[in-house]
Every structure is written in C-alpha cells, then in structure tokens.
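[1] need coordinates for the following:
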Amino acid sequence: SKNGQKMAYLYFTEQLRDESYDVVEKLNHYGYDIHILTGDKRQRALDIARALKVRPAFVHADKTADEKKQIVRQLNPSLYVGDGLNDMAALSEAHVGFAMRGAFDV
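    Model prediction:
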C-alpha cells in the first residue's frame, strides 16, 4: 500500500506433488479411506479433495490442532501425514505418523 491506498495484491498457491495423485489412487484401490484434515478453509480443502479424488464427506477443514487429534483418535487405527507444527498432536495420536518436510524444518 502507498498512502493508505492498496497498490497490489499477492496471491500464493501450493502445488500438489506429482506423486500425491498416485499414492491416493493406490490407497483407494486397496480400500483405504482417505481423509483430509486441515486448518485451511473448506473451499481450498475441497479443491484439493477433488483433484485427488477424495470424497467430500472425508474433508475436515478449518480444524485446530486439537480437533485434528480428536478426529484421528476417532478414525484409529490410522496413518497420518503432516507437514506443520499444528499436526504434531495428530501425528502423535495416529498409529503411524509421517512428518513431511515443511514447517518441521523450522
């Protein structure tokens, strides 16, 4: 902004890793239920779910770290993949947890 006037907007998006599609497809093929647990807004989560062919009913958006933990507890036994500090509680609650490179680097 300049003198209180907005001069420009910046928009950032994340790209799904190419292998994400194959992994989710294989897990679905073997009969596993794939859920998305995220603190992101629902529309963003639904866009990702649509791209990965995850059922909308299995999208849990706008969730806090504690809410993610509670969902994982209800879904156990489970495998949880997280990439941020707000995933720590859910990672520890899951039977198997994978911490992906991301905020953990910090």
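
[2] just the mean pLDDT for stretch 18-26, thanks.
    The average pLDDT within stretch 18-26 is 94.

[3] got the contact list for residue 77?
    By CB atoms under 8 Å, 6 or more residues apart in numbering, residue 77 lies in contact with residue 95. Placement of C-beta: from N, CA and C, glycine included.

[4] contacting residues for residue 93?
    69, 72, 73, 76, 80.

[5] check which residues of stretch 67-83 are buried.
    For stretch 67-83, burial by neighbour count (16 or more other CB atoms under 10 Å) applies to 68, 69, 71, 72, 75, 78, 80, 82.

[6] isn't the first one up against residue 88?
    Put plainly, it is residue 68. No - the pair residue 68 / residue 88 is not scored as a contact, 9.6 Å apart, by CB atoms under 8 Å.

[7] where along the protein do the helices fall?
    18-29, 42-52, 65-75, 88-93 (DSSP state H).

[8] so of these, which one's packed in deepest?
    Sort those by mean neighbour count, taking mean count of other CB atoms under 10 Å, and helix 88-93 sits at the top with a mean of 18.

[9] render the CA-only coordinates of that helix in CSV, please.
    Extracted in CSV, the C-alpha atoms of helix 88-93 (Å, rounded to 0.1, in the frame of the first residue of the first chain):
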residue,chain,number,x,y,z
MET,A,88,2.1,-32.6,16.0
ALA,A,89,-0.8,-33.7,18.2
ALA,A,90,-2.5,-35.7,15.4
LEU,A,91,0.8,-37.3,14.4
SER,A,92,1.3,-38.5,18.0
GLU,A,93,-2.3,-39.8,18.2
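
[10] any residues in contact with both of residue 68 and residue 88?
    Common contact partners of residue 68 and residue 88 (CB under 8 Å, 6+ apart): none.

[11] next up, the contacts around residue 36.
    So residue 36 contacts 45, 48, 49, 54, 58, 59, 60, 61 (CB under 8 Å, 6+ apart).

[12] the fourth one contacts residue 24, doesn't it?
    Yes - with contacts defined as CB under 8 Å, residue 54 counts as touching residue 24 at a distance of 6.7 Å.

[13] joint contacts of the two?
    Residues touching both residue 54 and residue 24 (CB under 8 Å, 6+ apart) are residue 34.
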